[in-house]
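> the following block contains a protein sequence and its predicted model.
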Amino acid sequence: MPELPEVEVTRRGFADRIAGARIESVRVGKPLRWALAVEPGALAGRGVLGVRRRGKYLLVDLDAGLLLMHLGMSGSLRFDTALPAPGTHDHFDLVTSRGTLRLNDPRRFGAVVYVEDEASPLARKLLGGLGMEPLGDGFDFEAFHAGLRRRRAPIKQVLLAGDVVVGVGNIYASEALFLAGIRPTLSAARISRPRALRLHAAVRDILARAVERGGSTLRDFSNVDGQSGYFQLEATVYGRKGEPCRVCATPVRMMRQGQRATYFCPVCQKH
């Protein structure tokens with residue numbers, strides 16, 4: 001599933017190129033997770049002001065309204081001036097004066113939704129429960145620590161939930177907890193202030209490095225130019241069950257938490 005780094009890599013890949021464009025037409029293919037919520041033809045003629053990100057949502061600001069885009073489990077976006085004819089899994093085309101933005105999504109859990117603004121009921125439903133952005137100045141440590149202290153669930157599950165901090169997906173949660181030296185099963189409420197400081201820094205560091213490496217391509221993620229990400233190649237614990245820890249050489253272990261695989265070092269992450 002594309003997580004925050006993959007979505008941010010996607011945004012950076014086309015945001016500057018599409019800004020200032022005029023929408024010429026919209027093509028909608030097979031139904032996605034949610035309906036577009038507007039007649040496709042009604043978007044023709046509108047201008048694209050820019051592209052933002054909130055969690056794993058891309059917000060395409062128009063001169064009237066905005067599009068909320070989500071890549072779902074298997075989605076990816078392409079942007080080019082000369083894309084081939086739509087294929088079986090190409091479910092949305094935003095044709096603009098500067099190129100076509102196309103959503104490819106084999107599993108169709110992604111979505112493109114039109115809303116009038118972020119105050120609209122649908123936008124509040126999708127975005128209202130999201131936690132702090134980890135890569136911006138708003139990732140406040142005190143709020144982060146307070147959020148952890150309110151949760152008795154295992155810290156790995158709390159990171160994945162997204163209501164304290166957004167975008168720490170499965171691979172990045174395992175990597176951040178390893179970097180901070182925290183066992184994934186530890187109750188979030190029991191994490192001390194010094195260890196919370198390490199985790200706060202680790203989350204920011206891991207996600208920033210993942211963006212620099214183009215995200216992670218575990219199955220089918222690619223950026224808007226069709227290129228894969230490489231962060232998974234330098235993971236310290238994720239996907240390395242039985243291999244030696246890069247710090248202490250103890251075999252990396254894997255366990256299941258909420259049906260998701262968690263990788264950790266039993267020595268470096270004792271507590």
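That came through fine.
> how far away is the closest residue to residue 148 other than its chain neighbours from residue 140?
Excluding its sequence neighbours, the residue lying closest to residue 148 (CB to CB, 6 or more residues apart in numbering) is residue 188, at 4.3 Å. C-betas here are computed from N, CA, C, even on glycine. Taking CB to CB, to the nearest Å as the measure, residue 188 falls 17 Å from residue 140.
> how many residues are close by the residue nearest to residue 148?
Residues lying near residue 188 (other CB atoms under 10 Å) number 24.
> can you pull out the helices in the chain?
4-18, 121-127, 141-149, 155-161, 170-180, 193-212 (DSSP state H).
> name the stretch among these that sits most buried.
helix 170-180 (a mean of 25; mean count of other CB atoms under 10 Å).
> just the pLDDT at residue 60, thanks.
Residue 60 carries a pLDDT score of 98 in this model.
> cool, the one 4 residues further on as well?
In the prediction, the pLDDT value recorded for residue 64 is 95.
> residues contacting it?
If you count contacts by CB atoms under 8 Å, 6 or more residues apart in numbering, residue 64 has them with residue 46.
> ok, it to residue 205 distance?
39 Å.
> kindly report the same for residue 190.
When distance is defined by CB to CB, residue 190 is 23 Å away from residue 205.
> next one: residue 12
19 Å.
> repeat for residue 110
29 Å.
> same question for residue 30.
Separation of residue 30 from residue 205 (CB to CB): 39 Å.
> try residue 180
With CB to CB as the criterion, residue 180 and residue 205 are 10 Å apart.
> same thing with residue 240?
Counting by CB to CB, the gap from residue 240 to residue 205 is 19 Å.
> equivalent analysis for residue 234, please.
13 Å.
> quote the end-to-end distance of stretch 86-105.
12 Å (CA to CA, to the nearest Å).
> and what of stretch 181-197?
End-to-end for stretch 181-197, by CA to CA: 12 Å.
> report the distance from that stretch to the chain centre.
With CA atoms, centre = their mean, to the nearest Å as the basis, stretch 181-197 stands 23 Å off its chain's centre.
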